[in-house]
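Visitor: Could you look at this predicted model? Sequence included:
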Amino acid sequence: MKRKVLASLLSASVLLSILMAGVHAVNSFTDWRLSPVTTNAMSPDVPTGSLLVSVLTPESQIRSGDVVVLGTSDEKRNIIGRVLDINTADNEYYSISLKSDQRALPDNFPYKTKDITYKEQFNVPLLGFVVNFLSSAAGLILLTLLTAVIGYVYVYRYHTRLTWEQRSVKRITKARRKAQERIAERGEHNGVEEMKAFFAESAV
């Protein structure tokens, strides 16, 4: 039972590590964005704690009512909101006014954007809580230590280190073999030598 519990914990910690590596890789090297939602500003369509999945979309294809994420891959926090209005600020940039679903008024000022607008595709409930925590310094340290400790205990306890019973059997077998070798070498099979061998084995 202990072995199964350790194996399950180790599998869970490894999966979480893979999840975080995958989130980082997606946000850094693809046109997709995985954004944890930590407030209820966009609920109920985007509930608190969900992971918002969006894709980079030209501003010319963004329409009023779309849920978008504004930001670049190196930003720790992204701006999430519903498009209230979008228009060209000049010949190069777009001006986007955003509003959260839980507020009656839009944000204080429009955002000037160019190739940094990600349009929502879907969201995964509750996964945002996990990603947000593990993205923090405390979460990263905790996950690293947890994986290292559980992995060490699991490997050392069940795959490297002999159990107490296994070590006992090994010592007894080794003592019995040595006793038999001594008897065979001396060629003495009297009761004294057999008793010595017996006591040596019993002491082990």
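Guide: Structure received. Numbering: from 1, shown residues only.
Visitor: and the helix or strand encompassing Val53, average pLDDT?
Guide: Assigned by DSSP states H and E, Val53 belongs to strand 51-56. Regarding strand 51-56, the rounded mean pLDDT is 94.
Visitor: list the helices and strands it packs on?
Guide: strand 32-36, strand 67-70, strand 117-124, helix 127-135 (3 or more CB pairs under 8 Å, 6 or more residues apart in numbering; DSSP states H and E). C-beta here means a position set from N, CA and C on the backbone, and glycine is covered the same way.
Visitor: Kindly recompute the last result at 6 Å.
Guide: For strand 51-56, the helices and strands in contact under the criterion 3 or more CB pairs under 6 Å, 6 or more residues apart in numbering; DSSP states H and E are strand 32-36, strand 117-124, helix 127-135.
Visitor: a markdown table please, covering those and showing distance to Val55.
Guide: Listed next are the helices and strands packed on strand 51-56 as a markdown table, based on distance: least, CB to CB, whole Å:
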| stretch | distance to Val55 |
| --- | --- |
| strand 32-36 | 5 |
| strand 117-124 | 6 |
| helix 127-135 | 17 |
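Visitor: Just say which of those is most tucked in.
Guide: strand 32-36 (a mean of 21; mean count of other CB atoms under 10 Å).
Visitor: in its sheet, what does that strand sit against?
Guide: strand 51-56 (antiparallel) (DSSP bridges).
Visitor: List the contacts of the partner strand.
Guide: With contact meaning CB atoms under 6 Å, 6 or more residues apart in numbering, strand 51-56 is reached by 31-37, 46, 69, 118-124, 127-128, 131.
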